[in-house]
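Novice: A structural model of the following input is requested.
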Amino acid sequence: MKYFWPVIILGILIFGMATEADAQRKKVMNLPKYDLEPYHFGFILAANQMHYSLKLKEGFQYLIQDPALWPEPNSGDEIQLINMTPAPTPGFTIGIVGNLRLANNFDLRFIPSLSFGERHMDYVVKEFKDGNENIYNLRKSNASTFVEFPLHLKYRSKRLNNAAAYLIGGVNYRIDLASQKKNERDIVLPGGGAITIPDGIRLKRNSVALEIGTGFDFYTNFFKFGVELKMSYGLENIIEADEYIYSSSVESLKNKIFQLSFTFE
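Specialist: Numbers count the residues shown, from 1 in each chain. I've put the predicted structure just below:
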């Protein structure tokens with residue numbers, strides 16, 4: 001996964017250069033009036049990599065906390081959060097493409113989509129008990145199901161035979177349907193009884209992101225096929241803060257998503 005996106009980007013560049021070289025030979029132009037149509041529709045299939053952009057509070061690793069706020073071991077005298085690191089995972093996206101022609105080489109695109117994925121948060125915690133130190137490593141996961149409403153402005157280069165490059169930029173409003181799922185657990189207290197506490201970080205339902213991307217359009221005999229790489233950067237802090245160690249040291253947590261898309265229009 002470490003080399004997933006560099007390999008994909010390299011593949012797109014190689015494919016683009018090969019297409020450009022091949023385009024030097026004169027070809028029959030497919031769909032010659034396609035870009036003059038006022039609007040058209042299609043669909044999108046994509047692979048995504050969901051990530052977090054994490055900012056921790058200054059000096060968080062020096063804060064001594066109540067062990068009741070760390071329900072995993074829950075047996076020490078004191079605890080410290082040593083580190084907290086997000087880990088991305090792959091997912092997928094499906095959606096519908098709506099394209100409105102604004103002018104030569106400029107389009108407005110609306111792509112309502114449904115994205116599925118999961119993100120992990122890795123914790124390193126130091127526990128003090130009877131004069132001894134114990135280090136605990138723990139991973140907590142957050143599944144996300146996003147209903148997305150991206151609105152993009154697309155600038156397309158001059159068509160070279162049956163291919164064209166393009167740039168996109170815009171905003172995306174997301175609703176995380178999975179954020180409202182119960183992310184809690186019950187623990188039994190040493191003196192008897194039980195309490196309900198969070199089982200990891202809790203996320204807000206709504207968020208907005210800025211998006212930029214680049215891609216290539218290829219005109220076939222029957223439809224236009226596109227390959228696109230897009231980066232999405234959240235603008236809002238999405239964490240539901242509380243006093244528990246899972247999120248008490250977080251200054252801000254924002255969505256960060258990379259997406260490789262294939263469009264059929």
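
Novice: any idea how far residue 236 is from residue 170?
Specialist: From residue 236 over to residue 170 the distance is 16 Å, taken as C-beta to C-beta, to the nearest Å. C-beta: built from backbone N, CA, C; applies to glycine.

Novice: more neighbours: those two, which one.
Specialist: Using other C-beta atoms under 10 Å as the criterion, residue 236 and residue 170 rank with residue 170 on top: 19 against 14.

Novice: and the nearest residue to that one once chain neighbours are set aside, what element?
Specialist: Among residues not flanking residue 170 along the chain, residue 152 sits closest, at 3.6 Å (C-beta to C-beta, 6 or more residues apart in numbering). Using DSSP states H and E, residue 152 sits in strand 132-156.

Novice: by contact count, what packs against that strand?
Specialist: Judged by 3 or more C-beta pairs under 8 Å, 6 or more residues apart in numbering; DSSP states H and E, strand 132-156 is in contact with strand 89-103, strand 106-110, strand 113-129, strand 163-176, strand 206-219.

Novice: let me know which of the ones you listed is the nearest to residue 35.
Specialist: Taking C-beta to C-beta, strand 89-103 is the member of those nearest to residue 35, at 7.3 Å.

Novice: doesn't residue 32 belong to a helix?
Specialist: No: counting by DSSP: H, G, I helix; E, B strand; the rest coil, residue 32 is not found in a helix; it is coil.

Novice: give me the neighbour count for it.
Specialist: By other C-beta under 10 Å, 11 other residues sit near residue 32.

Novice: just residue 150 next, same as before
Specialist: The burial count for residue 150: 22, using other C-beta under 10 Å.

Novice: so how far is residue 208 from the closest residue to it other than its chain neighbours?
Specialist: Sequence neighbours aside, residue 172 is the residue nearest to residue 150 in space, at 4.0 Å (criterion: C-beta to C-beta, 6+ apart). To residue 208, residue 172 is 7 Å away according to C-beta to C-beta.

Novice: more neighbours: the two, which one.
Specialist: When residue 172 and residue 208 are compared for neighbours, residue 172 comes out ahead with 24 against 13, by other C-beta under 10 Å.

Novice: ok, what's across the strand from that one?
Specialist: residue 150, residue 209 (DSSP bridges).

Novice: residue 199 contacts residue 138, doesn't it?
Specialist: No: in this structure, residue 199 is not within contact of residue 138 by C-beta atoms under 8 Å, at 10.9 Å.

Novice: neighbour count: the two, which is higher?
Specialist: residue 199 (17 against 14).

Novice: phi first, then psi, for that one.
Specialist: With angles defined as degrees, to the nearest 10, residue 199 sits at phi -110, psi 60.

Novice: residue contacts, residue 146?
Specialist: 113, 114, 115, 116, 117, 174, 175, 176, 177 (C-beta atoms under 8 Å, 6 or more residues apart in numbering).

Novice: apologies, that question was intended for residue 214.
Specialist: 165, 166, 167, 168, 228, 229.

Novice: ok, of those, which one's closest to residue 101?
Specialist: residue 166 (13.3 Å).

Novice: wait, what's in contact with that closest one?
Specialist: Counting by C-beta under 8 Å, 6+ apart, residue 166 touches 154, 155, 156, 157, 214, 215, 216, 217.
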